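Enquirer: below is the structure, and that's it, no one-letter string:
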C-alpha cells in the first residue's frame, strides 16, 4: 500500500464533509452509478462541509489570518480535463464554518466515470520561515474524492424488446440500432431506436436480471456498437456538417448527438468536435478496424465492474 507524504503539515479531523447529494443538500444521496443520465442532462450536486477553521490553522501552523479557500473540481474519465465547479473564500476570524458546496457539470462535458474532488487549500501566498508549513497559494490542506459511473452511450437511446424471428431480423442477433433516415437535423429521440432481441438467451437473461454478472458486459458491448455505428454513419456521409448547428426545438438533434459522442469519447483533449470528426473520417477510411479500437479505448471497454 502506498502512502502519500506531504511536504507540509495537514489538519487532523478538522474537516467533516457530508455525502454528496443530487440537486440539493436535502436531495437523494449520489449513487455509485447514474443510470438515467444522458448528454443533455446536466449533473447538479451539493453537500455540506463543516470546517473547524481555528483547528485547521493550528494543526497546519498557519497564522490566524491565513486565507483559506474551499473548492470543487471534477473531471470525466473520457477526457481527464479538470473543470472548476465551485470555489469560495472562508471567513477570517471565525472559529467554525459550514458551507453549502454545490456544482453543476454540463452533460456535454461528461461521460464514462466522473471524479469529483473537494479541496480545502491555501488561498494566497504566505511569508513564513517555519519548516513544514504550507506557504504557496493552492497548497492542498485537505481533500476527498468521489467517483460516479455515468451511463454513457447506452442511456442515450430508447430501447424495445422485440422477437427478431417475428420481425424478420436475424434470429441469432443480439440487437439492432434503427436509424430513421439520414437527416442529421431531425430530433435524435424520435429517430433512433435500439431493438433488443428477446430470442437471444443472453439478451433475454440480461433483461430479466439487469443486475446479473453478464448484463453489464452485454450493455457495455452495446455501448461500443452504438458509438461505432452512429459516428461511423456520420463519417461516411459527406453531407454531415462537422460544425455545431442548433438543435431541433430544444431537443438534441442527430448531428448534435454524434458531436456529443465524438467530444466525449473520441476527441483529443485539445480538439473541437469539428476537428476531431475531420481527423476520424480520414483515419477510418485508412483503417476501419483501428477506428473501432479507438472507440473501445474511448469508452473504456471493457469497463471495470462498478461496486
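Expert: Everything's here; your move. This structure is a prediction, so every number in the text was calculated from the model and none was measured.
Enquirer: going by C-alpha atoms from here, please, whenever you check contacts or count neighbours.
Expert: Will do.
Enquirer: could I get the full set of strands for the stretch 51-200 of the chain?
Expert: Secondary structure of the stretch 51-200 of the chain, counting by DSSP state E, counting those that start in this stretch: strands at 68-76, 83-89, 96-105, 113-122, 140-150, 159-162, 175-179, 192-197.
Enquirer: average pLDDT across the first one?
Expert: Throughout strand 68-76, pLDDT has a mean value of 93.
Enquirer: what does it contact?
Expert: The contact list for strand 68-76 (CA atoms under 8 Å, 6 or more residues apart in numbering) reads 81-91, 101, 103, 109-124.
Enquirer: which of the residues you listed count as buried?
Expert: Among the contacts of strand 68-76, those classed as buried by 16 or more other CA atoms under 10 Å are 85, 87, 90, 101, 103, 109-123.
Enquirer: nearest to residue 231, of the strands of the stretch 51-200 of the chain?
Expert: When the strands of the stretch 51-200 of the chain are compared by CA to CA, strand 175-179 sits nearest residue 231, at 12.2 Å.
Enquirer: starting at the chain centroid, how far to that closest one?
Expert: Relative to the centre of its chain, strand 175-179 is centred 25 Å away, using CA atoms, centre = their mean, to the nearest Å.
Enquirer: buried residues of that strand, list them for me.
Expert: Buried residues in strand 175-179 (16+ other CA under 10 Å): 175, 176, 177, 179.
Enquirer: before we move on, what about stretch 5-15?
Expert: 9, 10, 11, 14, 15.
Enquirer: which of the residues you listed fall in strands?
Expert: Cross-referencing the buried residues of stretch 5-15 against strands under DSSP state E gives residue 15.
Enquirer: okay, the buried residues of stretch 5-15 in TSV with distance to residue 147 and pLDDT next?
Expert: TSV is the format used below for the buried residues of stretch 5-15 (distance: CA to CA, whole Å; pLDDT from 0 to 100):
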residue	distance to residue 147	pLDDT
9	26	92
10	23	94
11	24	94
14	23	95
15	20	95
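Enquirer: TSV for the buried residues of stretch 5-15, including distance to residue 68?
Expert: Listed next are the buried residues of stretch 5-15 as TSV, based on distance: CA to CA, whole Å:
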residue	distance to residue 68
9	15
10	13
11	13
14	14
15	13
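Enquirer: that older thread, what's the closest of the buried residues of strand 175-179 to residue 134?
Expert: Distances from residue 134 to the buried residues of strand 175-179, taken as CA to CA, are shortest for residue 177 (55.5 Å).
Enquirer: now the closest one: closest residue in space, sequence neighbours ignored.
Expert: residue 194 (4.6 Å; CA to CA, 6 or more residues apart in numbering).
Enquirer: cool, residue 126 as well?
Expert: Leaving aside its sequence neighbours, residue 126 sits nearest to residue 135 (CA to CA, 6+ apart; 4.7 Å).
Enquirer: leaving out the residues flanking it, which one is nearest to residue 266?
Expert: Here the residue nearest residue 266, using CA to CA, 6+ apart, is residue 298, at 5.7 Å.
Enquirer: I'd assumed that neighbour was in a strand, is it?
Expert: No. Counting by DSSP: H, G, I helix; E, B strand; the rest coil, residue 298 falls outside a strand, being helix.
Enquirer: burial count for residue 253?
Expert: 23 (other CA atoms under 10 Å).
Enquirer: pLDDT at it, what is it?
Expert: On the pLDDT scale, residue 253 gets 79.
Enquirer: so it bridges to which residues?
Expert: residue 187 (DSSP bridges).
Enquirer: my guess is it contacts residue 184. True?
Expert: Yes. If you go by CA atoms under 8 Å, residue 253 and residue 184 touch, sitting 6.6 Å apart.
Enquirer: what sits against residue 183?
Expert: For residue 183, the contact set (CA under 8 Å, 6+ apart) comprises residue 254.
Enquirer: pLDDT wise, what is it at?
Expert: We have a pLDDT of 81 for residue 183.
Enquirer: go on, residue 297?
Expert: Residue 297 is given a pLDDT of 88.
Enquirer: returning to that earlier point: from residue 295, how far out is the residue nearest to residue 126?
Expert: 44 Å (CA to CA, to the nearest Å).
Enquirer: neighbour count for these two, which is higher?
Expert: residue 295 (22 against 19).
Enquirer: quick one: low-confidence parts of the stretch 51-200 of the chain?
Expert: Along the stretch 51-200 of the chain, the model assigns pLDDT under 70 to residues 78-80, 151-157.
Enquirer: kindly recompute the last result at 80.
Expert: 77-81, 108-109, 111-113, 149-158, 180-182, 187-190 (pLDDT under 80).
Enquirer: mind listing the helices in the protein by residue range?
Expert: For the chain, the helices defined by DSSP state H occupy 53-60, 164-167, 201-208, 214-236, 254-261, 273-286, 288-299.
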